[in-house]
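In: my questions concern the predicted model and sequence given below.
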Amino acid sequence: MKIENAKQLKSHALELGMRQAKGPRTRILVSMGTCGIAANTHPVLTALREEIGKRDLQDVFEVVETGCMGLCHSEPSIEVVDRVEGTTTLYGNVTAGQAAAIVEAGAYEAAGVEILDRTWYCPEGEENQAGARQARVVLRNSGRIDPENLEACLIAGGYQGLARALTEMKPAQVIEEIAESGLRGRGGGGFPTGLKWGFAAAQSSTEKYVICNADEGDPGAFMDRAVLEGDPHCVLEAMAIAGYAVGAQSGVIYIRAEYPLAIRRLRMAIEQARASGFLGADILGTGFGFDIQIKYGAGAFVCGEETALIHSIEGTRGEPTFKPPFPAVSGLWKKPTVVNNVETFANVPAILRKGAGWFKTIGTPECPGTKVFALAGKVKKVGLVEVPMGTTLREIIFGVGGGIREDRQFKAVQTGGPSGGCLKDDNLDTPITYESLRALGSMMGSGGMIVMDVDDCMVNVAKFFLDFTLDESCGKCTPCRIGNKRLHEMLEQVCAGRGSHETLAKLKNLSHTIRDTALCGLGQTSPNPVLSTMIQFEDEYVEHIEQGKCRAGVCRHLISYAINDDCVGCTLCARNCPVDCISGERRQKHHIDQDKCIKCGVCHDLCKFHAIDKN
Amino acid sequence: MIEMTINDRKVRVPENATVLQATRQIGIKIPTLCHLQLDCFEVEHRMGSCRVCVVEVEGRPNLAPACCTPVIDGMVVRTNTMRAINARRTMLDLLLSDHPKDCLTCEKNGDCNLQQLAGELGLHSILYSGEMSTYPLDLANESIVRDLNKCIMCRRCETACNTVQTVGILSGVRRGFEAVVAPSGERPLADTKCVFCGQCVAACPVGALTTMNHTYEVWRALNDPEKTVVVQTAPAVRIAIGEEFGLEPGTIATGKLVAALRHLGFDQVFDTDFAADLTIMEETTELIERIKNNQNLPILTSCCPGWVKFFEHQFPDLINIPSTAKSPQQMFGAVAKSYYAEKVGVAPENLVVVSVMPCLAKKYEASREEFARDGVRDVDIVISTRGLASMCKEAGIVFEQLEDEEFDSPLGASSGAGVIFGASGGVLEAALRTAADWLSGEDLAEVDFADVRGMKGIREATVEVAGRQLKVAISSGLGNARQLLERIQRGEAEYHAIEIMACPGGCLNGGGQPYINGDTGILEKRRKAIYREDANKPVRKSHLNPDIQKLYAEYLDKPGSPRAHELLHTKYSPRDNF
Amino acid sequence: MKKSGACLKGPIGSDNLINQQPEKRKALAEFIGGLPIGDDRERNRGYLIECLHKAQELFGYLPESVQLFVADHLRLHLSEVYGVISFYSYFTTVPTGKYRINVCMGTACFVRGADRILEELKRHLGIDEGETSENGKFSIGGLRCVGACSLAPVVMVNDKVYGNVAPGKVLDIINDCE
Ligand SMILES: Cc1cc2nc3c(=O)[nH]c(=O)nc-3n(C[C@H](O)[C@H](O)[C@H](O)COP(=O)(O)O)c2cc1C
Ligand code: SF4
Ligand code: SF4
Ligand code: SF4
Ligand code: SF4
Ligand code: SF4
Ligand code: SF4
Ligand code: SF4
Ligand code: SF4
Ligand code: FES
Ligand code: FES
Ligand code: FES
């Protein structure tokens, strides 16, 4: 159905809401993001449907496939909501076999099914609930609505921000509102969004573009995917608002090809939005026209950098170019172009709907709003976390994340992905903002947050990130193409115990020069993991070179395995050693041939008698 | 104009300038490697990739590349701080850590920007080392050697090939440390539509793209008692070779060139200009015929092998409109191996024809299958202007001190019309001189067609020739040629004659000429020298060259005769467009 | 992630795959035919990457004859097409195995031991990253985060996700591929 104007949108949404209120009383929300599906949600979904069908309860229960709830650690997860009573129950690690019990219990707690803590999961409207650590602005609809259903989106207030912008505001006022809200780019840089839009709006060109950066290349970050899978319309709405504000008629979503589900949902959403008159010519009868196309990445992290991204859309190698000119002046097809991140866009409709003043009540004065983090690594509760800016790392890791797996000792947290750095325990109480992280030698980045424990070697972690940048460097400029190669080689030397103090000095100098000279953000930040670990964990570097020791027992050249007297001669290790270098008679102590051992650690992991020592 | 501060000096510079351009105004030379600016062709390669030009800009957290940082009013720049200089040295250090340090045996020794910079920046040791790239050499063609182990990824060759020439065979391939510039599939140039113009070689700051060296073959022939070795030198060689010996650009060194060639031991020293005159005889005959019949117009010149290969690949539908006349080099070879060989009684197989050319495509041209008779090549060996200079140096010839000498006869005499072949517009002007006389039946006094001269990429003129208005166009640089041809294909333009040269500015800027390192002022000086040489000639029209007249009288009959066709004309074949 | 820099020999496009599979050729031609291709080379290039995605989806990989087909239809130089293919790790010019085993090398998987999984895979199959086994059955690759970090370390075989993979489980995964 085509929505003709803003008034009709409001009444239509109201009507849909009322219709829903008359529908089944209990809704079962099933988290169906890529990750949920990977964790085997489909059988649970099927079992729930079958159970309801079997009991003939279709009038009472409604099963809704939603996007990610962010409860990665407890997938498959489902939420049961009783609209009449207002009760909700959140279940984790649900199996198909538990479907019956859940249907049986309705929105009351089903015995034997793991119930999850609501302080972790806090949908919009619940943000002030006591004890809730998270606040959901960006993920307000993810996990709440069926992302493939436009009506669900409209009930949740979808496109009302756009309606307000188009009917009640001049483009300049929209920019003013965004600027006033203090929204800053969530793609990593934290550049004020209102300012960026203002630059593009000031250009006189009649051809302008709005690009949504959905490349999300940071390994270990998946918040943009969650937004696109869980609430695709909010991005479309935001892009149309941006188009109106800056005077653009075309939008492009550049999305990585590795996200098939997000792509499918986006395409569906675009079709729906066109059919309903939220995209296309004469949106909501205001005369403003805007349409969106999707372009795919092809596996290049550097294409997240905005100039590289533009070149990739133009069909060339995704090599960054020097700025200025900035995209806002000369971007796609050399026309003024606004590039914003998915998460940045996801904030926009909410700001327009609720006002800049509301937005500023969340977060800190310099960084209003929330930030979504992909919390992963050695933390108990891996998942997607949305917290107000200014929350401390400790709160996230130990509060929301529940602490370190197996209660081991925390060692470091890596933020900002390959551009970021590692922070130690004495940094944990710093409130997170763009500036505070940068001051500590790390970065906000896109929001990857990887927790590490004492089993992680910080030199090796630095090497890992450099491995990544080396692989993903476009190869255009000298410092990044050759400099990072040399950094990596020097780190390899340190990990192999072949480094010296001179190596460390060279590492540091070269890191500074690369940061100072590289052409784009990738190269400028690629030494951050090295520098931050060298500063924070200098003793580990020194141990590697002076004592040939890797305290985490990770660097292969520096460890050896030996069998101690606890060996009972069970032969398990010998049977599993990939290079057959363990010998020994049954029931006799076994022996490892050190010359042949490739230090794979299989024996160490397998021995049930802790008879293999790692030195 | 805006005002900025460089090293504590106030400077006023144009608003659209870069920091690099601004610093030049106050006598600061910031080192550059990847940047290439060719003013007279309005080409600027601003890749910003080498990072050796970094400077400090107040208020910016990182160093800024001077070559692509635009100036802003009130900007404060420091070019010589420790931080900037160390960073530059580190860039060089890194480049060298992935570079074979073969200077002593490198083709580019002495002409290499990287080598020079290492000297200027006082790089006394190389700090970093590690894995180096390894690529096989591309030696599969006659013109160009690619040694990607020496490539510094400045991408200047890409701009030359893709943007200037629009041949489009070079692209960055792969990424990261493995990135390099290569044709598709990383194939050898010989398998591609490369036209061997050598503009990429001229652009390459290091020894990654160099000339296929044929000087050993020349030495071998010169020292073979069985062989009679004759040499021809192209028009653009004489006005550029002096640069290799420290003479002022634009010095006319014809006499010294002849003397040097004699010193090297050539039996006869001839001139390609003679064959240029011959080309004009044939081409003009064709032109007049087509004009008279008003058929198959415009006629396109065909003396540039780069251009010929270009249209064979990329404009196969236009294959019938270029003149069928061979290039001067090939006409010379054909005449030398027939007329001259007979005259002096040397068997063609014992006569070695060596060319000295400003051009790398001529090396390829000489090897084209059709340019041989009975298994004997028309032209045996082609060396470039630079190649000849290096032979002179090997032989200890102090070029700049040589006494002038004269070309040998009969293939050494030429008119001014033959000389101007070396500049863009020259071929057309030479043809017009002859056409005017022939059409009017007079010996006209006016020989200068100044409208067709110049460096601009595409020039058009309407010239009056014997009462007819002839519309002509000239383009140099294949990108410009493409524009012109597409206009013709779309029926937007009509001409009688078009001259096309592959190299921007014509042969004086050929791929085999002394390197100009971005100083296009040198090209302008060479161009002026060519027209000075023309003006100094007693005979300035091809058909009035007495030796040409004799050649026709004794051997070829008349222009366009069957004999002339057999020896002096060729045909073209379409080639794959990739 | 590693790209082999094959220095191709023989006439361009001599693999001729494009003509050996006429239905796929037709499908590709139709796909490109549906795009608004015009005379403006710059704008045509904007469709290159989606054409390559389509072509790889159809043919499984992008040998030179397919590159040439795309280049011709978009009126681009072959070198541009190759330059782009060799840049993006998603595109491959060599056929991949029937089972594409990809180890997630994202950060979360790395800190939970993905490199050891990769080593084990390479050792068992006797091939390196980016290579295909001789019988054409397996190829090994890496990828960066499939967004299932909670299951780290993660291995994907074609579209199937294996989570919490231990080095000892690698052989099971290989044996599973039947
Ligand atoms: C190497 C590199 C990778 C980047 N990757 C991404 C990315 O995956 N997603 C993203 O939104 N921004 C990424 N960015 C930042 C973008 O260049 C750009 O600043 C951002 O999309 C602007 O949007 P914002 O202002 O909304 O943050 C990356 C930057 C660099 C230097
Ligand atoms: S810093 Fe790295 S990714 Fe960025 S332009 Fe330079 S080489 Fe490319
Ligand atoms: S597995 Fe342990 S106990 Fe068994 S043989 Fe090996 S070392 Fe001994
Ligand atoms: S570490 Fe690996 S190779 Fe070494 S003995 Fe144990 S199982 Fe064998
Ligand atoms: S390219 Fe230059 S620096 Fe390299 S070996 Fe040759 S002369 Fe030396
Ligand atoms: S400068 Fe040094 S290395 Fe070079 S040739 Fe002279 S002595 Fe040898
Ligand atoms: S010789 Fe000419 S055509 Fe060939 S690669 Fe170089 S610039 Fe391109
Ligand atoms: S081949 Fe020469 S011109 Fe081309 S990128 Fe390499 S160094 Fe530069
Ligand atoms: S313009 Fe002259 S130098 Fe250049 S390719 Fe043509 S003939 Fe050779
Ligand atoms: S459950 Fe989807 S992001 Fe984790
Ligand atoms: S000369 Fe400026 S970056 Fe290369
Ligand atoms: S890092 Fe492996 S799935 Fe995210």
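Out: Everything's here; your move. Ligands and ions are numbered 1, 2, ... in the order given.

In: quick one: the helices in the stretch 351-500 of chain B?
Out: In the stretch 351-500 of chain B, the helices defined using DSSP state H, counting those that start in this stretch lie at B:361-366, B:385-394, B:416-419, B:426-440, B:478-489.

In: chain C is nearest to which of these?
Out: helix B:478-489 (9.2 Å; Cβ to the nearest Cβ). All C-beta spots, glycine's among them, are computed from the backbone N, C-alpha and C.

In: so for stretch B:86-99, what's the average pLDDT?
Out: The average pLDDT for stretch B:86-99 rounds to 97.

In: dump it to PDB, restricted to CA.
Out: Taking Å, rounded to 0.1, in the frame of the first residue of the first chain, the C-alpha atoms of stretch B:86-99 are listed here in PDB:
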ATOM      1  CA  ASN B  86      64.000  11.400   8.700                       C
ATOM      2  CA  ALA B  87      60.700  10.300   7.300                       C
ATOM      3  CA  ARG B  88      61.900  10.900   3.800                       C
ATOM      4  CA  ARG B  89      65.000   8.900   4.500                       C
ATOM      5  CA  THR B  90      62.900   6.100   5.900                       C
ATOM      6  CA  MET B  91      60.700   6.000   2.800                       C
ATOM      7  CA  LEU B  92      63.800   5.700   0.700                       C
ATOM      8  CA  ASP B  93      65.200   3.100   3.100                       C
ATOM      9  CA  LEU B  94      62.100   1.100   2.800                       C
ATOM     10  CA  LEU B  95      62.000   1.300  -1.000                       C
ATOM     11  CA  LEU B  96      65.600   0.100  -1.100                       C
ATOM     12  CA  SER B  97      64.900  -2.700   1.300                       C
ATOM     13  CA  ASP B  98      62.700  -4.200  -1.500                       C
ATOM     14  CA  HIS B  99      65.000  -3.200  -4.300                       C
END
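
In: what about it, near chain A?
Out: Yes: Stretch B:86-99 comes into contact with chain A (Cβ under 8 Å from any Cβ of the partner chain), by way of B:86-87, B:90-91, B:94-95, B:97-98.

In: could you count how many residues lie near the closest residue to B:Gly506 other than its chain neighbours?
Out: Closest residue to B:Gly506 apart from its sequence neighbours, by Cβ to Cβ, 6 or more residues apart in numbering or on different chains: B:Ser424 at 3.4 Å. By the measure other Cβ atoms under 10 Å in any protein chain shown, the count of residues near B:Ser424 is 31.

In: returning to that earlier point: columns mean neighbour count and mean pLDDT on top of the helices of the stretch 351-500 of chain B, output as JSON lines?
Out: Compiled in JSON lines, the helices of the stretch 351-500 of chain B are given as follows (neighbours: other Cβ atoms under 10 Å in any protein chain shown; pLDDT from 0 to 100):
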{"stretch": "helix B:361-366", "mean neighbour count": "29", "mean pLDDT": "98"}
{"stretch": "helix B:385-394", "mean neighbour count": "21", "mean pLDDT": "98"}
{"stretch": "helix B:416-419", "mean neighbour count": "30", "mean pLDDT": "97"}
{"stretch": "helix B:426-440", "mean neighbour count": "25", "mean pLDDT": "96"}
{"stretch": "helix B:478-489", "mean neighbour count": "20", "mean pLDDT": "94"}
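
In: among the ones you listed, which is nearest A:Ala110?
Out: helix B:478-489 (73.3 Å; Cβ to Cβ).

In: what's the closest one in contact with?
Out: B:163-167, B:195, B:197, B:298, B:306-307, B:310-311, B:314-315, B:317-318, B:457-458, B:473, B:475, B:493-495, B:498, B:500, B:502, B:504 (Cβ atoms under 8 Å, 6 or more residues apart in numbering or on different chains).

In: just to revisit the earlier point, for A:Ala273, find the nearest of the helices of the stretch 351-500 of chain B.
Out: That would be helix B:478-489 among the helices of the stretch 351-500 of chain B, by Cβ to Cβ, at 41.0 Å.

In: pull the CA atoms of the closest one into PDB?
Out: Output of helix B:478-489 as PDB, limited to C-alpha atoms (Å, rounded to 0.1, in the frame of the first residue of the first chain):
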ATOM      1  CA  LEU B 478      47.300   8.400 -28.600                       C
ATOM      2  CA  GLY B 479      44.700   9.600 -26.100                       C
ATOM      3  CA  ASN B 480      44.200  12.600 -28.400                       C
ATOM      4  CA  ALA B 481      44.200  10.400 -31.400                       C
ATOM      5  CA  ARG B 482      41.400   8.400 -29.800                       C
ATOM      6  CA  GLN B 483      39.400  11.500 -29.300                       C
ATOM      7  CA  LEU B 484      39.900  12.600 -32.900                       C
ATOM      8  CA  LEU B 485      39.000   9.100 -34.300                       C
ATOM      9  CA  GLU B 486      35.900   8.800 -32.200                       C
ATOM     10  CA  ARG B 487      34.800  12.200 -33.500                       C
ATOM     11  CA  ILE B 488      35.300  10.900 -37.000                       C
ATOM     12  CA  GLN B 489      33.500   7.600 -36.200                       C
END
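
In: and it, is it in reach of ligand 7?
Out: No: Helix B:478-489 stays clear of ligand 7 (Cβ under 6 Å from any ligand atom), getting no nearer than 7.7 Å.
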